[in-house]
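Q: Provide a 3D model corresponding to the input given below.
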Amino acid sequence: MRNPQHSHAPNDHGADVDPHDLHMVAFRSDPTRRARDALLAVNADMRRNYAALKAELIEHLSPVIVVQNDARGGRYTLVHGGERESLHPVPEVFELAKSVAHVPLGLFSVLAPYLKGSEGRGWVRPLRDFGATLEAARGRLDEAGLPDDLEASSRRILDAALRFVEESVEHGTFGIESFTGFSGGVYRDVRTNMFHAAKAQIAGVEAIMRRWRHRVGEERWRDLYVVVLSIWTTSVLNQNTIIIKQFMNPADAATHLLDVSTAEPPADPVLTALDNLARIVQDNVAAELVFPVDQEVADALKGREDLLSDAIQEQLACPFKDRRPSARQAARVNA
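A: Residues are numbered from 1 along each chain as shown. Predicted coordinates:
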């Protein structure tokens, strides 16, 4: 005899299951969903195979020069024949000249939150702290071994900045007018520092490009790809791109000298550059073979245009385009 405490009502085999819940759970029972999943699998497989092609292609890219823009003028890496060489080719005077040229920007960074009203004294301590940094630099300036005119311009920038700091703290106030009076007064000297930074960068980059060109050889040099990585704010007319361009045939530079913008400096610049380049190279080949009858669409795949951009622009220009009768419909109307 059953223990009544353990008796259960008979199972009615799903009669109590909510139909909507069952419909959501049994999604693979829907023939439309199964058909769509089969279609979507085509794209998933394509993307997986395209990614595999790119991953393997990375190992075969050569010769390539990767440039990661940084505060030292750029880290250069040559990838050639299964070997890599990385270095910073720009002399230190580049950093020194730019460091002092950045004094007005440094003061702006401290004072910007108070430009609409300096009555609060929150700016005083950080301004004094930055002033102490400037004073230490000014005290050792003559020992840095800078060219005479660069030392003179740096001295004037630092002296003017220290006066601005002293007067602002003493008066307990500053404003846009007093700040631009300082920054405008040192502009010529900032430009002198910029000249020396540019001169150092040109010399360093030209030297390494000549050495690597000799190493790679003229025949392979014509196949060279250069990828310059920079943050968005310096990705147009980037200084390294400008210098490198003169070492490449103009026609080759148009397609083989690539500026790639990044939100932040990547952890592995060379891998990031090669990953982007592999995608570009395989897109170049795929474009001509996949779209042999439409050069405009092929060029879109090879370039930075989205493949749907042309179709979207056409439809936005003519919102009734998708409402036009098909040829079959038109034939029926005319019959």
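Q: So residue 258 lies in a strand, does it not?
A: Yes - assessed with DSSP: H, G, I helix; E, B strand; the rest coil, residue 258 lies in a strand.
Q: per-residue confidence for residue 225?
A: Note on residue 225: pLDDT of 98.
Q: cool, and residue 321?
A: At residue 321, the pLDDT recorded in the model is 58.
Q: now the one 3 residues further on
A: The confidence metric pLDDT takes the value 52 at residue 324.
Q: likewise residue 13?
A: 66.
Q: again, but for the one 10 residues further on
A: The pLDDT attached to residue 23 in the predicted structure is 81.
Q: And it, how far from residue 209?
A: Computed as C-beta to C-beta, to the nearest Å, the residue 23 to residue 209 distance reads 66 Å. Using the backbone N, CA and C atoms, a C-beta is placed for each residue, glycine as well.
Q: between those two, who's got more neighbours?
A: When residue 23 and residue 209 are compared for neighbours, residue 209 comes out ahead with 21 against 11, by other C-beta atoms under 10 Å.
Q: Now do the more buried one against residue 240, distance only.
A: 10 Å.
Q: Tell me which stretches of the stretch 1-150 of the chain form helices.
A: Along the stretch 1-150 of the chain, the segments classed as helices by DSSP state H, counting those that start in this stretch run 19-25, 31-57, 93-101, 103-111, 124-140, 148-171.
Q: quick one: buried residues of stretch 207-223?
A: 208-209, 212-213, 216, 221 (16 or more other C-beta atoms under 10 Å).
Q: follow-up on the earlier one: the helices of the stretch 1-150 of the chain: which one's closest to residue 201?
A: helix 93-101 (5.3 Å; C-beta to C-beta).
Q: Helix 148-171 and the closest one, what's the angle between them?
A: Computed by axes from the mean of the first three to the mean of the last three C-alpha atoms, to 10 degrees, the angle separating helix 93-101 from helix 148-171 equals 30 degrees.
Q: Go through helix 93-101 and flag the buried ones.
A: By 16+ other C-beta under 10 Å, the buried positions in helix 93-101 come out as 93-98, 100-101.
Q: In PDB, list the C-alpha atoms belonging to it.
A: Only the C-alpha atoms of helix 93-101 are listed here, as PDB (Å, rounded to 0.1, in the frame of the first residue of the first chain):
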ATOM      1  CA  VAL A  93      66.900  66.400 -28.900                       C
ATOM      2  CA  PHE A  94      63.400  65.800 -30.500                       C
ATOM      3  CA  GLU A  95      62.000  65.000 -27.000                       C
ATOM      4  CA  LEU A  96      63.900  67.800 -25.300                       C
ATOM      5  CA  ALA A  97      62.700  70.500 -27.800                       C
ATOM      6  CA  LYS A  98      59.100  69.300 -27.600                       C
ATOM      7  CA  SER A  99      59.100  69.000 -23.800                       C
ATOM      8  CA  VAL A 100      59.800  72.700 -23.400                       C
ATOM      9  CA  ALA A 101      57.500  73.600 -26.300                       C
END
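Q: helices or strands next to it in the packing?
A: Contact here means 3 or more C-beta pairs under 8 Å, 6 or more residues apart in numbering; DSSP states H and E; on that basis helix 93-101 packs against helix 148-171, helix 187-216.
Q: As CSV, these with distance to residue 235 and mean pLDDT would be great.
A: CSV is the format used below for the helices and strands packed on helix 93-101 (distance: least, C-beta to C-beta, whole Å; pLDDT from 0 to 100):
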stretch, distance to residue 235, mean pLDDT
helix 148-171, 28, 97
helix 187-216, 17, 98
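Q: The ones you listed into JSON lines, with extra columns for distance to residue 312?
A: Below are those laid out as JSON lines (distance: least, C-beta to C-beta, whole Å):
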{"stretch": "helix 148-171", "distance to residue 312": "51"}
{"stretch": "helix 187-216", "distance to residue 312": "41"}
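Q: In stretch 164-182, which residues are buried?
A: Counting neighbours by 16+ other C-beta under 10 Å, stretch 164-182 gives 164-165, 168-169, 174, 178-179, 182 as buried.
Q: which one of those sits closest to residue 18?
A: residue 179 (68.6 Å).
Q: okay, the closest one: pLDDT?
A: Confidence score, pLDDT, at residue 179: 97.
Q: can you give me phi and psi for it?
A: phi -70, psi -50 (degrees, to the nearest 10).
Q: what's the spacing between the nearest residue to it once chain neighbours are set aside and residue 210?
A: Once flanking residues are discounted, residue 179 sits nearest to residue 111: 6.6 Å by C-beta to C-beta, 6 or more residues apart in numbering. Applying C-beta to C-beta, the value for residue 111 to residue 210 is 44 Å.
Q: what's the answer for residue 32, then?
A: Taking C-beta to C-beta, one finds residue 32 at 64 Å from residue 210.
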